[in-house]
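Undergrad: After the sequence you'll find the predicted model.
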Amino acid sequence: MGDRIRLHVKGLTYSERPTGAYALLLESGTDKRKLPIVIGAFEAQSIAIALDKMTRPPRPMTHDLFASVMDAHDVKLKEVVIQDLQDGVFYAVLVFERNGEDRTMDARPSDAIALALRADCPIYASSSVMGKASLAESEAKTAVLQEVLEEPDELPDGDPLESREAQQALSKANSNTLNEWLERALEQEDYELAARIRDELTKRL
C-alpha cells in the first residue's frame with residue numbers, strides 16, 4: 001500500500017462544532033505529528049471503551065460483536081490503513097487474514113480504529129494522508145485541543161464535567177472527587193467521559 005506511517009491513538013476530544021462531534025487524535029510514533037479525525041458520538045464511545053480495557057459494557061456494542069464474529073470464523077484483523085483523504089473525508093481499509101489469505105475491506109476510519117483497538121493490531125496512515133492532514137504537536141494543540149469542550153450544552157443538573165470549564169474542572173478536582181465522577185460516568189455508561197477521568201487520575205500516580 002505504499003509508504004505509510006504507524007499511528008497510535010492519542011486521545012478523544014469533544015467539540016460542539018459540528019454538533020455532537022468528537023475529534024479522534026492519532027499520533028505518529030516517530031515525529032509526533034498528530035492526525036485529527038472528526039467522528040460521531042457512538043464511535044467515540046466505542047473507541048473509549050476499547051482504550052479503557054478495564055471497562056466492560058453490560059451488553060456488547062456493535063464493534064465488540066463484529067470482533068467476536070471475526071474470532072468465531074477464524075478471521076484475524078492484521079492492520080488498518082487510513083489510505084486516502086478526499087474533500088475532507090478520510091477513507092480507510094481493513095486488512096485481514098483468513099485461511100492464510102490476506103483480504104482488504106473498505107471501512108470508515110472510526111470503525112476501523114475501533115476494531116483495531118479490540119484486535120490489538122497496528123494502525124497506519126499513508127504518507128500522502130499525513131502530508132495533507134497531519135499537524136505538528138503545537139499546531140494540534142491550537143487547532144484541536146483548545147476547542148475541546150468549548151461552549152457545550154450544560155446538563156440540567158449542572159454537572160461540572162459537561163460545563164464549558166470541563167477540562168479545568170478535571171485538572172483542579174481532587175482525587176476523591178474524580179473517583180466519584182468516575183463512578184457516576186460508569187453508572188451512566190458514559191465511557192468516553194470515564195476514560196478522560198481515568199486519564200486524569202493516572203497522571204497523578
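TA: Structure received.
Undergrad: contacts and neighbour counts: CA atoms only from here.
TA: Noted.
Undergrad: Can you pull the phi and psi angles for Ala92?
TA: phi -130, psi 170 (degrees, to the nearest 10).
Undergrad: How about it: what's its closest non-neighbour residue?
TA: With C-alpha to C-alpha, 6 or more residues apart in numbering as the criterion, Ala92 has its nearest non-adjacent residue at 4.1 Å, and that residue is Ile82.
Undergrad: doesn't the one you found fall inside a strand?
TA: Yes: under DSSP: H, G, I helix; E, B strand; the rest coil, Ile82 sits within a strand.
Undergrad: Contact partners for it?
TA: Each residue near Ile82 by C-alpha atoms under 8 Å, 6 or more residues apart in numbering is listed here: 90-93, 109, 123-126, 129.
Undergrad: Which among these count as buried?
TA: 90-93, 109, 123-126, 129 (16 or more other C-alpha atoms under 10 Å).
Undergrad: Starting from the helix or strand in which Leu12 is found, tell me the next helix or strand along the chain.
TA: Per DSSP states H and E, Leu12 falls inside strand 4-15. Using DSSP H and E, the helix or strand that follows strand 4-15 towards the C-terminus is strand 21-28.
Undergrad: now for the next helix or strand after that next one, which elements pack on it?
TA: On the C-terminal side of strand 21-28, the closest following helix or strand by DSSP H and E is strand 34-39. When contacts are defined as 3 or more C-alpha pairs under 8 Å, 6 or more residues apart in numbering; DSSP states H and E, strand 34-39 packs onto strand 21-28, helix 127-133, helix 137-143.
Undergrad: and those, which one is worst for confidence?
TA: When the helices and strands packed on strand 34-39 are compared by mean pLDDT, helix 137-143 comes last with a mean of 50.
Undergrad: Narrow the buried ones among the contacts of Ile82 to those in strands?
TA: Within the buried ones among the contacts of Ile82, residues falling in strands by DSSP state E are 90-93, 123-126.
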